[in-house]
Structure formats: structure tokens, C-alpha cells
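A.B. asks: Next input, structure requested:
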Amino acid sequence: MSMSIAITLHLLAAMIWVGGMFFAYMALRPSAAKLLEPPLRLTLWLHVFNRFFPWVWASMIILLASGWWMMIVIFGGMSTLGLHIHFMLLLGLIMSAIFIYLYFMPYKQLAKAVANNDWPAGGKALNLIRQLIAINLSFGLIVVTLASAGRYF
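C.D. replies: Numbers count the residues shown, from 1 in each chain. Have a look, this model is predicted:
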């Protein structure tokens, strides 16, 4: 793999993950909350997550694989990289852990609640998902800033 392919995949994966969270949190969430009653809102979110989360899994894998590849093959390891790359990696690993938890816990709870028409449980699961996405979105925006401007700090 060449550096041009690795960095392109890395950037596209970051845009898909962080951009998707930004859209979901800043545009879809307030619109759905304003316009839809809980049964329809929770069902909509489940369908949205069913479509978006496979992209997040792919993005997470591509980000970690391409990042590690560039770090080891191109730059010769962590010791040669600036502090901003160390923070970027740390935040990326934290974001991945948060997503894995989100996927296997509250997302599965949301799916079960919607299947059982248990709207209070679904609302509770969606609220936790919202909080975790807010954290990951904040970290994602920091990572994008570090990736693009970190060497200038």
C-alpha cells in the first residue's frame, strides 16, 4: 500500500464517521425530536443506526489499520511522530472503545425495546446513545483538528 492510498482511506473513513455523527447529532436528532412521537422516533433511529453503524465499523477498522500502517511503515514508529499524533491515536482508541460499547449495549437495548414496543426503555437507550455520540463527536472534532493543524500547535 502506498502513502497516498493509506492517507486517502484514512481521511475518507474519518469524514464518514465524524461527519455522520455531526449530521445525526446536529440535524437529525433535533428534527426527529420536534416532529415525531416516541414510537416513530425510536423506530427511525433504529433504522438510521442499522444503516450507519456498518459504516462506522468499516471506518473504525480502516482508520486503525491505515493509521498503524502509516505509523510503522512510513514513519518508523511512534518515537518519530509529533505529540499531536500520539493524542490523535489515543482519542481514536477511546472513540473506538466508546463505539464498541455503544454498539453492544445501548444499541442492542434500543433494538430490543423497539421490537417489544417498550418505548420508555427505548427512550432510555437512545438517550445513552445520544450522550455517547456527543462524546465521540467532540473527540472526533478534536482528532480532525489535530490531524489537520496539530503540527502547528
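A.B. asks: Show the contacting residues for Trp57.
C.D. replies: Tyr103 (Cβ atoms under 8 Å, 6 or more residues apart in numbering). Every C-beta, even on glycine, is put in place using the N, C-alpha and C of the backbone.
A.B. asks: Mind doing that once more with 10 Å?
C.D. replies: Trp17, Phe99, Ile100, Tyr103 (Cβ atoms under 10 Å, 6 or more residues apart in numbering).
A.B. asks: Could you look up the SS state of the third one?
C.D. replies: Put plainly, it is Ile100. The three-state label given to Ile100 by DSSP: H, G, I helix; E, B strand; the rest coil is helix.
A.B. asks: That one is in contact with Leu64, isn't it?
C.D. replies: No: contact criterion Cβ atoms under 10 Å: Ile100 and Leu64 do not qualify, at 11.8 Å.
A.B. asks: Neighbour count: the two, which is higher?
C.D. replies: Leu64 (16 against 12; other Cβ atoms under 10 Å).
A.B. asks: Quick check: pLDDT value at the more buried one.
C.D. replies: At Leu64 the predicted local confidence, pLDDT, stands at 96.
A.B. asks: Settle this for me: it is touching Phe99, isn't it.
C.D. replies: No: Leu64 is beyond contact range of Phe99, at 11.5 Å (criterion: Cβ under 10 Å).
A.B. asks: Point to the residue nearest the middle of this protein.
C.D. replies: Trp17 (4.7 Å; Cα atoms, centre = their mean).
A.B. asks: just checking, what packs against the helix or strand where that one lies?
C.D. replies: Under the criterion of DSSP states H and E, Trp17 resides in helix 3-23. Secondary-structure packing of helix 3-23 (3 or more Cβ pairs under 10 Å, 6 or more residues apart in numbering; DSSP states H and E): helix 38-69, helix 83-104, helix 119-149.
A.B. asks: Need these in TSV (columns: distance to Met1).
C.D. replies: Shown next, in TSV, are these (distance: least, Cβ to Cβ, whole Å):
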stretch	distance to Met1
helix 38-69	6
helix 83-104	19
helix 119-149	19
